[in-house]
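S.K.: Sequence and predicted structure, then a few things I'm wondering about:
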Amino acid sequence: MAAERRVPAIVLAGGTGGEEVARACKVPHKALVPVGGELTLWRVARALQEARRVEGVVVVAHLPEVAVACPPGVPCARPAGVEFLDTIRAGMAQSPEADFHLLATSDLPLLTPAAVDDFLEQALDSGADLCYSMVERAQLLDVPGVEGRTFVHLREGAFSGGNLALVSRAFVEGQAERLTRAFAGRKSPVALACLFGLSFTWRLLWRRLDVSQLLARAEELLGVPVMVVSSRFPEVCYDLDEVENVTAAERMLAQR
């Protein structure tokens, strides 16, 4: 029986990191927000370490306070610059032999190994150079603290963007500018649609797009296979965007 394919994971903790939430919790970066008595950064790192399909975890951060707070055995790299691509490249430099890397934001307090493996199994099987996670709204109906989330409305349903992505090294180096724009606009349906042209923006606003059309256009623009992974795990999109998310996450952890 062939061994399961595994990829290194990069925890994105660059920049100042969620100023509003960080200030409210009196920490320099929201990766350092304590949830259920443990730093969110530690929760994310442990979920990645315990996932079967992950081989090695690195945190990438600008702030020294984040670097010193990394869990034992998890290295922290400092980006050469302040751009999003600098953060990814610093993480990839830790495993130069790897062709693919898993990207995870540092503010996912509910993340579990099962959610990570579910995403990676679908993403790696797809063969795509860019795989992005999404969660259908139906999976979030009983989850507190998601009322203000942005949803992309497609013919198949309404989806919220997740915070896990699988990227190939070739894609990162070849389409750096578009990757930066896509990540910056990942929570805005209009910003994402603008990457694909005005006609797509219009069709998205009128809910006339389906997933296959979106993927076909993305592949046409980027020149690489693209995949959207619909996750059944709400935790891949439950981040600390609002102060209310912290208390809601603590309640959910207490119920586990």
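M.R.: Noted; the coordinates are in hand.

S.K.: what is the mean pLDDT for stretch 118-133?
M.R.: Here stretch 118-133 scores 93 as its mean pLDDT.

S.K.: and what of stretch 56-68?
M.R.: 96.

S.K.: Check the gap between Cys76 and Leu85 for me.
M.R.: To Leu85, Cys76 is 18 Å away according to CB to CB, to the nearest Å. Bear in mind the C-beta positions are built from the backbone N, C-alpha and C, glycine included.

S.K.: For the lengthiest strand in the chain, list every residue counted as buried.
M.R.: Secondary structure of the chain per DSSP state E: the longest strand is strand 157-168. Going by neighbour count (16 or more other CB atoms under 10 Å), the buried part of strand 157-168 is 158-168.

S.K.: again with stretch 90-110
M.R.: Neighbour counts over stretch 90-110 (16+ other CB under 10 Å) mark 90-92, 94-95, 98, 100-110 as buried.

S.K.: With stretch 118-135 instead?
M.R.: Neighbour counts over stretch 118-135 (16+ other CB under 10 Å) mark 118-120, 122-124, 126, 128-135 as buried.

S.K.: do the same with stretch 227-238
M.R.: For stretch 227-238, by 16+ other CB under 10 Å, it's 227-231, 233-238.

S.K.: if we can go back for a sec, which one among the buried residues of strand 157-168 gets closest to Pro34?
M.R.: Asn163 (19.2 Å; CB to CB).

S.K.: I'd like the distance between the closest one and Val236.
M.R.: Per CB to CB, Asn163 is found 6 Å from Val236.

S.K.: got it, and Gln122?
M.R.: 12 Å.

S.K.: joint contacts of these two?
M.R.: Shared contacts of Gln122 and Val236 (CB atoms under 8 Å, 6 or more residues apart in numbering): none.

S.K.: Pro109 belongs to a helix?
M.R.: No. Looking at Pro109 with DSSP: H, G, I helix; E, B strand; the rest coil, it is coil, so not inside a helix.

S.K.: mind checking pLDDT for Ala3?
M.R.: Looking at Ala3, its pLDDT stands at 67.

S.K.: What residues of stretch 27-35 count as buried?
M.R.: 27-33, 35.

S.K.: Which pair of those residues spans the longest distance?
M.R.: Applying CB to CB across the buried residues of stretch 27-35, the maximum distance is between Pro28 and Val35, 16.3 Å.

S.K.: Show me the shaky parts of this structure.
M.R.: Across the chain, residues meeting the criterion (pLDDT under 70) sit at 1-3, 17, 178-209.

S.K.: most centrally placed residue in it?
M.R.: Here the mean C-alpha position of the chain is nearest to the C-alpha of Asn163 (CA atoms, centre = their mean), at a distance of 2.1 Å.

S.K.: For Thr87, grab phi and psi.
M.R.: Main-chain torsions, Thr87, degrees, to the nearest 10: phi -70, psi -50.

S.K.: Check the spacing between the nearest residue in space to it that is not next to it in sequence and Leu166 real quick.
M.R.: Among residues not flanking Thr87 along the chain, Gly14 sits closest, at 4.1 Å (CB to CB, 6 or more residues apart in numbering). Applying CB to CB, the value for Gly14 to Leu166 is 19 Å.

S.K.: What of Leu103?
M.R.: Distance from Leu103 to Leu166, by CB to CB: 7 Å.

S.K.: picking that back up, helices or strands up against the longest strand of the chain?
M.R.: Here strand 157-168 touches strand 100-105, helix 113-126, strand 130-136, strand 152-154, strand 226-231, going by 3 or more CB pairs under 8 Å, 6 or more residues apart in numbering; DSSP states H and E.

S.K.: could the ones you listed go into TSV alongside distance to Pro72?
M.R.: Shown next, in TSV, are those (distance: least, CB to CB, whole Å):
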stretch	distance to Pro72
strand 100-105	19
helix 113-126	18
strand 130-136	28
strand 152-154	39
strand 226-231	29
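
S.K.: Those: which one's closest to Pro144?
M.R.: strand 130-136 (14.9 Å).

S.K.: List the neighbouring strands of that closest one plus their orientation.
M.R.: Take DSSP bridges as the rule and strand 130-136 pairs in its sheet with strand 157-168 (antiparallel), strand 226-231 (parallel).
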